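Visitor: Give me a model of this one.
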Amino acid sequence: MTVSNNILIVSKTSRISRGYLICLAGTAIWSTTGIFIRYLTVTYQIPPLVLAFWRDLSLSIFLVLLFWVVNRSLLHFDRKNLPFFILYGFTVAVFNSVWTFSVALNGAAVATVLAYSSAAFTAVLGRWLFGEILGKAKIIAVTLSLVGCVFVAGAYDVSAWKINPWGILTGLLSGLMFAIYSLMGKASSNKQINPWSALLFSFFIASMFLLLVNFLSAGFEGSLLPYDLGWLGAQWMGWLILLILAVGPTLGGFGLYTVSLSYLPASVANLIATLEPALTAVLAYFFLGEVLSVPQWMGAVLIILSVILLRMTDNLSAVD
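Guide: Modelled structure (predicted):
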(Lines give C-alpha, C1' and ligand atoms only; values in the text may rest on other atoms or scores of the structure.)
Protein backbone atom coordinates (compact mmCIF):
# COMPACT_ATOMS: atom_id res chain seq x y z
CA MET A 1 0.00 0.00 0.00
CA THR A 2 1.55 3.32 -1.11
CA VAL A 3 1.99 6.42 1.01
CA SER A 4 -0.55 8.31 -1.11
CA ASN A 5 -3.12 5.56 -0.52
CA ASN A 6 -2.48 5.73 3.22
CA ILE A 7 -3.02 9.50 3.16
CA LEU A 8 -6.28 9.08 1.25
CA ILE A 9 -7.51 6.47 3.73
CA VAL A 10 -6.64 8.68 6.72
CA SER A 11 -8.29 11.66 5.06
CA LYS A 12 -11.46 9.71 4.26
CA THR A 13 -11.64 8.22 7.76
CA SER A 14 -11.10 11.65 9.33
CA ARG A 15 -13.88 13.15 7.19
CA ILE A 16 -16.30 10.36 8.10
CA SER A 17 -15.41 10.67 11.79
CA ARG A 18 -16.06 14.41 11.63
CA GLY A 19 -19.44 13.72 10.05
CA TYR A 20 -20.34 11.26 12.81
CA LEU A 21 -19.35 13.69 15.57
CA ILE A 22 -21.32 16.55 13.98
CA CYS A 23 -24.39 14.37 13.46
CA LEU A 24 -24.21 12.94 16.99
CA ALA A 25 -23.91 16.45 18.44
CA GLY A 26 -26.88 17.61 16.39
CA THR A 27 -28.95 14.60 17.46
CA ALA A 28 -28.08 15.20 21.14
CA ILE A 29 -29.25 18.81 20.86
CA TRP A 30 -32.29 17.72 18.84
CA SER A 31 -33.34 15.37 21.62
CA THR A 32 -34.19 18.33 23.88
CA THR A 33 -36.86 19.56 21.44
CA GLY A 34 -39.61 17.36 22.87
CA ILE A 35 -39.14 18.78 26.37
CA PHE A 36 -39.59 22.38 25.15
CA ILE A 37 -42.55 21.53 22.92
CA ARG A 38 -44.22 19.51 25.66
CA TYR A 39 -43.86 22.41 28.09
CA LEU A 40 -45.29 24.95 25.63
CA THR A 41 -48.24 22.81 24.51
CA VAL A 42 -49.15 21.72 28.04
CA THR A 43 -48.52 24.94 29.96
CA TYR A 44 -49.72 27.44 27.36
CA GLN A 45 -52.01 25.14 25.31
CA ILE A 46 -50.58 26.62 22.10
CA PRO A 47 -51.90 24.86 18.94
CA PRO A 48 -49.11 22.70 17.44
CA LEU A 49 -49.19 24.27 13.98
CA VAL A 50 -49.10 27.77 15.45
CA LEU A 51 -46.07 26.64 17.44
CA ALA A 52 -44.48 25.19 14.30
CA PHE A 53 -44.97 28.49 12.44
CA TRP A 54 -43.38 30.66 15.14
CA ARG A 55 -40.59 28.14 15.64
CA ASP A 56 -39.62 28.24 11.95
CA LEU A 57 -40.03 32.00 11.60
CA SER A 58 -38.09 32.78 14.80
CA LEU A 59 -35.23 30.59 13.62
CA SER A 60 -35.21 32.37 10.25
CA ILE A 61 -35.14 35.85 11.80
CA PHE A 62 -32.37 34.85 14.21
CA LEU A 63 -30.24 33.45 11.36
CA VAL A 64 -30.70 36.59 9.26
CA LEU A 65 -29.48 38.76 12.17
CA LEU A 66 -26.62 36.36 12.95
CA PHE A 67 -25.43 36.13 9.34
CA TRP A 68 -25.69 39.92 8.93
CA VAL A 69 -23.21 40.34 11.78
CA VAL A 70 -20.96 37.30 11.24
CA ASN A 71 -20.91 36.57 7.50
CA ARG A 72 -23.24 38.36 5.10
CA SER A 73 -22.27 36.08 2.23
CA LEU A 74 -24.45 33.41 3.85
CA LEU A 75 -27.47 35.59 3.05
CA HIS A 76 -26.77 35.40 -0.67
CA PHE A 77 -29.59 33.67 -2.50
CA ASP A 78 -29.06 32.32 -6.01
CA ARG A 79 -32.35 32.70 -7.88
CA LYS A 80 -31.69 29.58 -9.93
CA ASN A 81 -32.13 27.58 -6.70
CA LEU A 82 -35.57 29.05 -5.97
CA PRO A 83 -37.56 26.02 -7.26
CA PHE A 84 -35.32 23.72 -5.20
CA PHE A 85 -35.82 25.73 -2.00
CA ILE A 86 -39.56 25.98 -2.52
CA LEU A 87 -39.62 22.18 -2.57
CA TYR A 88 -37.18 22.04 0.36
CA GLY A 89 -39.26 24.46 2.44
CA PHE A 90 -42.46 22.66 1.53
CA THR A 91 -40.86 19.42 2.74
CA VAL A 92 -39.98 21.01 6.10
CA ALA A 93 -43.49 22.43 6.50
CA VAL A 94 -45.23 19.17 5.59
CA PHE A 95 -42.96 17.12 7.86
CA ASN A 96 -43.71 19.37 10.85
CA SER A 97 -47.45 19.36 10.08
CA VAL A 98 -47.80 15.64 9.42
CA TRP A 99 -45.84 14.84 12.57
CA THR A 100 -48.29 16.97 14.59
CA PHE A 101 -51.33 15.20 13.14
CA SER A 102 -49.68 11.80 13.61
CA VAL A 103 -49.24 12.43 17.33
CA ALA A 104 -52.87 13.56 17.56
CA LEU A 105 -54.20 10.51 15.70
CA ASN A 106 -51.85 7.78 16.96
CA GLY A 107 -50.52 8.92 20.31
CA ALA A 108 -46.89 9.77 20.96
CA ALA A 109 -45.56 6.19 21.18
CA VAL A 110 -46.86 4.88 17.86
CA ALA A 111 -46.23 8.22 16.12
CA THR A 112 -42.58 8.15 17.21
CA VAL A 113 -42.04 4.62 15.91
CA LEU A 114 -43.73 5.38 12.59
CA ALA A 115 -41.72 8.61 12.18
CA TYR A 116 -38.47 6.73 12.64
CA SER A 117 -39.40 4.41 9.82
CA SER A 118 -37.52 7.22 8.04
CA ALA A 119 -34.29 5.24 8.51
CA ALA A 120 -35.61 2.53 6.20
CA PHE A 121 -37.14 5.04 3.76
CA THR A 122 -33.87 6.99 3.59
CA ALA A 123 -31.76 3.88 3.01
CA VAL A 124 -33.99 2.78 0.11
CA LEU A 125 -34.45 6.25 -1.42
CA GLY A 126 -30.75 7.06 -0.95
CA ARG A 127 -29.89 3.92 -2.90
CA TRP A 128 -32.35 4.85 -5.65
CA LEU A 129 -31.59 8.59 -5.96
CA PHE A 130 -27.90 8.87 -5.02
CA GLY A 131 -26.61 5.33 -5.57
CA GLU A 132 -25.70 4.98 -1.87
CA ILE A 133 -24.53 1.50 -0.94
CA LEU A 134 -27.19 -0.64 0.76
CA GLY A 135 -25.17 -3.55 2.09
CA LYS A 136 -25.97 -6.24 4.65
CA ALA A 137 -24.48 -4.25 7.52
CA LYS A 138 -26.66 -1.22 6.77
CA ILE A 139 -29.77 -3.39 6.47
CA ILE A 140 -29.00 -4.99 9.84
CA ALA A 141 -28.33 -1.55 11.37
CA VAL A 142 -31.63 -0.19 10.05
CA THR A 143 -33.46 -3.21 11.48
CA LEU A 144 -31.80 -2.81 14.89
CA SER A 145 -32.65 0.90 15.02
CA LEU A 146 -36.30 0.32 14.12
CA VAL A 147 -36.66 -2.43 16.73
CA GLY A 148 -34.95 -0.14 19.23
CA CYS A 149 -37.39 2.67 18.45
CA VAL A 150 -40.30 0.31 19.11
CA PHE A 151 -38.97 -0.52 22.58
CA VAL A 152 -37.96 3.05 23.49
CA ALA A 153 -41.36 4.42 22.44
CA GLY A 154 -43.18 1.65 24.31
CA ALA A 155 -44.98 0.59 21.13
CA TYR A 156 -44.41 -3.07 21.98
CA ASP A 157 -47.71 -2.76 23.86
CA VAL A 158 -50.36 -4.27 21.59
CA SER A 159 -52.94 -1.71 22.69
CA ALA A 160 -50.77 1.07 21.29
CA TRP A 161 -51.30 -0.28 17.78
CA LYS A 162 -55.10 -0.12 17.86
CA ILE A 163 -55.19 2.77 15.42
CA ASN A 164 -57.24 3.54 12.34
CA PRO A 165 -55.93 3.28 8.76
CA TRP A 166 -55.67 7.08 8.46
CA GLY A 167 -53.51 7.11 11.58
CA ILE A 168 -51.17 4.50 10.13
CA LEU A 169 -50.97 6.37 6.82
CA THR A 170 -50.24 9.69 8.54
CA GLY A 171 -47.57 8.12 10.76
CA LEU A 172 -45.78 6.44 7.85
CA LEU A 173 -46.01 9.69 5.90
CA SER A 174 -44.20 11.49 8.71
CA GLY A 175 -41.38 8.96 8.39
CA LEU A 176 -41.32 9.38 4.62
CA MET A 177 -41.21 13.19 4.93
CA PHE A 178 -38.29 13.03 7.38
CA ALA A 179 -36.51 10.77 4.90
CA ILE A 180 -37.20 13.24 2.08
CA TYR A 181 -35.93 16.07 4.30
CA SER A 182 -32.66 14.15 4.75
CA LEU A 183 -32.35 13.57 1.01
CA MET A 184 -33.12 17.23 0.27
CA GLY A 185 -30.28 18.15 2.62
CA LYS A 186 -28.00 15.78 0.73
CA ALA A 187 -29.09 17.27 -2.59
CA SER A 188 -28.36 20.75 -1.20
CA SER A 189 -24.87 19.58 -0.27
CA ASN A 190 -24.37 18.17 -3.77
CA LYS A 191 -25.34 21.59 -5.16
CA GLN A 192 -22.51 23.12 -3.10
CA ILE A 193 -24.98 25.22 -1.10
CA ASN A 194 -23.70 26.25 2.32
CA PRO A 195 -25.64 24.13 4.86
CA TRP A 196 -26.35 27.11 7.13
CA SER A 197 -27.72 29.13 4.21
CA ALA A 198 -29.80 26.09 3.23
CA LEU A 199 -31.18 25.95 6.77
CA LEU A 200 -32.21 29.62 6.64
CA PHE A 201 -33.87 29.51 3.23
CA SER A 202 -35.69 26.20 3.78
CA PHE A 203 -37.08 27.18 7.19
CA PHE A 204 -38.13 30.66 6.06
CA ILE A 205 -40.06 29.20 3.12
CA ALA A 206 -41.49 26.56 5.47
CA SER A 207 -42.73 29.31 7.79
CA MET A 208 -44.50 30.96 4.83
CA PHE A 209 -46.22 27.69 3.99
CA LEU A 210 -47.25 27.27 7.63
CA LEU A 211 -48.50 30.86 7.73
CA LEU A 212 -50.71 30.08 4.74
CA VAL A 213 -51.98 26.89 6.42
CA ASN A 214 -52.85 28.83 9.58
CA PHE A 215 -54.81 31.45 7.65
CA LEU A 216 -56.62 28.90 5.49
CA SER A 217 -57.61 26.83 8.52
CA ALA A 218 -58.83 29.84 10.51
CA GLY A 219 -62.43 29.35 9.40
CA PHE A 220 -62.61 25.68 10.32
CA GLU A 221 -63.54 24.14 13.63
CA GLY A 222 -61.71 21.22 15.16
CA SER A 223 -59.06 20.60 17.79
CA LEU A 224 -56.44 19.61 15.22
CA LEU A 225 -56.50 22.97 13.46
CA PRO A 226 -54.64 26.13 14.53
CA TYR A 227 -56.54 29.40 14.50
CA ASP A 228 -54.68 32.12 16.40
CA LEU A 229 -51.10 33.17 15.61
CA GLY A 230 -51.14 35.52 18.59
CA TRP A 231 -52.06 32.72 20.97
CA LEU A 232 -49.40 33.56 23.57
CA GLY A 233 -50.52 37.19 23.77
CA ALA A 234 -48.70 39.07 26.54
CA GLN A 235 -47.25 35.91 28.11
CA TRP A 236 -43.65 36.98 27.59
CA MET A 237 -42.23 33.89 29.28
CA GLY A 238 -43.96 31.70 26.70
CA TRP A 239 -42.48 33.79 23.88
CA LEU A 240 -39.04 33.54 25.49
CA ILE A 241 -39.23 29.75 25.76
CA LEU A 242 -40.41 29.55 22.15
CA LEU A 243 -37.42 31.68 21.09
CA ILE A 244 -35.06 29.42 23.05
CA LEU A 245 -36.63 26.43 21.30
CA ALA A 246 -35.96 28.05 17.92
CA VAL A 247 -32.34 29.16 18.48
CA GLY A 248 -31.37 26.18 20.65
CA PRO A 249 -32.70 22.71 19.78
CA THR A 250 -33.98 23.71 16.33
CA LEU A 251 -30.89 25.63 15.18
CA GLY A 252 -28.44 23.24 16.79
CA GLY A 253 -30.30 20.10 15.81
CA PHE A 254 -31.34 20.84 12.24
CA GLY A 255 -28.23 22.94 11.61
CA LEU A 256 -25.65 20.35 12.64
CA TYR A 257 -27.68 17.55 11.03
CA THR A 258 -27.68 19.49 7.74
CA VAL A 259 -23.92 20.11 8.05
CA SER A 260 -23.30 16.38 8.68
CA LEU A 261 -24.90 15.61 5.31
CA SER A 262 -21.83 17.23 3.72
CA TYR A 263 -19.74 14.41 5.20
CA LEU A 264 -22.08 11.42 5.38
CA PRO A 265 -24.56 9.60 3.14
CA ALA A 266 -28.14 10.62 3.93
CA SER A 267 -28.98 7.07 5.01
CA VAL A 268 -26.14 7.06 7.57
CA ALA A 269 -27.01 10.48 9.00
CA ASN A 270 -30.67 9.53 9.26
CA LEU A 271 -29.80 6.30 11.03
CA ILE A 272 -27.65 8.18 13.55
CA ALA A 273 -30.62 10.49 14.16
CA THR A 274 -32.59 7.50 15.44
CA LEU A 275 -30.59 7.98 18.64
CA GLU A 276 -32.95 10.88 19.37
CA PRO A 277 -35.77 8.89 21.07
CA ALA A 278 -33.24 7.14 23.32
CA LEU A 279 -31.58 10.44 24.26
CA THR A 280 -34.95 12.08 24.79
CA ALA A 281 -35.95 9.24 27.11
CA VAL A 282 -32.78 9.80 29.16
CA LEU A 283 -33.40 13.57 29.34
CA ALA A 284 -37.01 12.96 30.34
CA TYR A 285 -35.77 10.76 33.17
CA PHE A 286 -33.47 13.48 34.56
CA PHE A 287 -35.61 16.57 33.91
CA LEU A 288 -39.18 15.25 34.08
CA GLY A 289 -38.71 12.36 36.49
CA GLU A 290 -39.99 9.80 33.99
CA VAL A 291 -38.74 6.32 34.88
CA LEU A 292 -37.34 4.20 32.04
CA SER A 293 -38.55 0.62 31.87
CA VAL A 294 -36.28 -2.33 31.14
CA PRO A 295 -37.62 -2.67 27.55
CA GLN A 296 -36.88 1.03 26.96
CA TRP A 297 -33.30 0.59 28.09
CA MET A 298 -33.05 -2.44 25.80
CA GLY A 299 -34.29 -0.31 22.92
CA ALA A 300 -31.73 2.40 23.65
CA VAL A 301 -28.95 -0.21 23.59
CA LEU A 302 -30.17 -1.59 20.24
CA ILE A 303 -30.19 1.87 18.68
CA ILE A 304 -26.67 2.61 19.96
CA LEU A 305 -25.48 -0.78 18.65
CA SER A 306 -26.89 0.04 15.21
CA VAL A 307 -24.80 3.23 15.06
CA ILE A 308 -21.66 1.40 16.30
CA LEU A 309 -22.17 -1.30 13.66
CA LEU A 310 -22.55 1.33 10.97
CA ARG A 311 -19.40 3.16 12.12
CA MET A 312 -17.34 -0.04 12.15
CA THR A 313 -18.53 -0.83 8.65
CA ASP A 314 -17.51 2.63 7.42
CA ASN A 315 -14.04 2.19 8.93
CA LEU A 316 -13.63 -1.11 7.07
CA SER A 317 -14.87 0.48 3.84
CA ALA A 318 -12.33 3.28 4.20
CA VAL A 319 -9.49 0.75 4.54
CA ASP A 320 -10.72 -1.28 1.57
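Visitor: tell me the strands in the chain, going along the chain?
Guide: In the chain, no strands are defined using DSSP state E.
Visitor: mind listing the helices for it?
Guide: 3-30, 33-43, 48-70, 82-106, 108-115, 118-130, 136-153, 165-190, 195-216, 236-245, 251-260, 266-273, 276-288, 294-319 (DSSP state H).
Visitor: ranking those by mean pLDDT, which is last?
Guide: Mean pLDDT values for those show the minimum at helix 108-115, a mean of 63.
Visitor: So for residue 279, what's the nearest residue that isn't a sequence neighbour?
Guide: Setting aside the residues directly before and after it, residue 279 is nearest to residue 31 in space (Cβ to Cβ, 6 or more residues apart in numbering), at 3.6 Å. For every residue, glycine as well, the C-beta is placed using N, CA and C.
Visitor: Looks like that neighbour contacts residue 286 (just checking).
Guide: No - proximity of residue 31 to residue 286 does not meet the contact threshold set by Cβ atoms under 8 Å, at 11.7 Å.
Visitor: neighbour-wise, which of the two wins?
Guide: Taking other Cβ atoms under 10 Å, residue 31 and residue 286 do not tie; residue 31 has more neighbours (22 against 8).
Visitor: Now do that one against residue 90, distance only.
Guide: Here the distance between residue 31 and residue 90 works out to 26 Å (Cβ to Cβ, to the nearest Å).
Visitor: Likewise for residue 206?
Guide: 7 Å.
Visitor: quick revisit: output the helices of the chain as CSV; include the columns distance to residue 76.
Guide: Conversion of the helices of the chain to CSV gives the following (distance: least, Cβ to Cβ, whole Å):
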stretch, distance to residue 76
helix 3-30, 23
helix 33-43, 29
helix 48-70, 10
helix 82-106, 13
helix 108-115, 34
helix 118-130, 26
helix 136-153, 36
helix 165-190, 14
helix 195-216, 7
helix 236-245, 26
helix 251-260, 17
helix 266-273, 25
helix 276-288, 32
helix 294-319, 33
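Visitor: right, and residue 175 touches residue 121 too?
Guide: Yes - using Cβ under 8 Å as the test, residue 175 is close enough to residue 121 to be in contact (5.8 Å).
Visitor: These two: which is more packed in?
Guide: residue 175 (25 against 22).
Visitor: Just say which of the helices of the chain is most tucked in.
Guide: Comparing these on average neighbours per residue, with mean count of other Cβ atoms under 10 Å, the densest one is helix 266-273 at a mean of 28.
Visitor: show me what contacts the closest residue to residue 209 other than its chain neighbours?
Guide: Leaving aside its chain neighbours, residue 209 sits nearest to residue 93 (3.8 Å; criterion: Cβ to Cβ, 6+ apart). Shown here is residue 93, whose contacts under the criterion Cβ atoms under 8 Å, 6 or more residues apart in numbering are 52, 56, 205, 206, 207, 209, 210, 213.
Visitor: switch to 7 Å and redo it
Guide: Residues in contact with residue 93 (Cβ atoms under 7 Å, 6 or more residues apart in numbering) are 206, 209, 210.
Visitor: Can you say which of the helices of the chain is nearest to residue 230?
Guide: helix 48-70 (8.9 Å; Cβ to Cβ).
Visitor: List the contacts of that closest one.
Guide: Helix 48-70 is contacted by residues 37, 40-41, 74-75, 96-97, 100, 199-200, 203-204, 206-207, 210-211, 213-214, 226, 228-229, 231, 242-243, 245-247, 250-251 when judged by Cβ under 7 Å, 6+ apart.
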